[in-house]
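Asks: sequence? don't have it. structure:
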């Protein structure tokens, strides 16, 4: 698919076995922003959606949960960290059990690895 420059969209996907779970990552990159979906097969879902972006007024990116349970902080936290790292507006949908902190940590580490391996995809 075409690159995200000039108003085009770019799609990138990768998967990894983490903590005994087959985790899938789908990335939709747009000009100045991207959406990261994280979930597991066989039943993909969009149970939440968070957004974060940097501002000139605060070093911590502002964030909000657009869709899902407000007590679920994982998608918002990931979106904030990615926005701070990339300087872009970031949407995150995290569709894995957040009670499994080992899995959440492994997911974030895998995202970091992919950012280092394919920085042009983010």
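Replies: Received, thanks. The structure presented is a predicted model; accordingly, all values stated were derived computationally and were not measured.

Asks: pretty sure residue 93 sits in a strand.
Replies: Yes - with the criterion set as DSSP: H, G, I helix; E, B strand; the rest coil, the secondary structure at residue 93 is a strand.

Asks: is it true that it touches residue 27?
Replies: No - taking contacts as CB atoms under 8 Å, residue 93 lies outside contact range of residue 27: 11.2 Å. (Each C-beta comes from the backbone N, C-alpha and C, glycine too.)

Asks: the more surrounded of these two?
Replies: residue 93 (23 against 19; other CB atoms under 10 Å).

Asks: ok, residue 108 - contacts?
Replies: 78, 81 (CB atoms under 8 Å, 6 or more residues apart in numbering).

Asks: what's the helix or strand for it?
Replies: helix 101-117 (DSSP states H and E).

Asks: end to end, how far does stretch 87-105 reach?
Replies: Its start and end residues considered, stretch 87-105 measures 22 Å (CA to CA, to the nearest Å).

Asks: so how far is that stretch from its chain's centroid?
Replies: 7 Å (CA atoms, centre = their mean, to the nearest Å).

Asks: pull out the buried positions in that stretch.
Replies: 88-96, 98, 103-104 (16 or more other CB atoms under 10 Å).

Asks: nearest residue to the middle of this protein?
Replies: Nearest to the mean C-alpha position of the chain, counting by CA atoms, centre = their mean, stands residue 36 at 3.5 Å.
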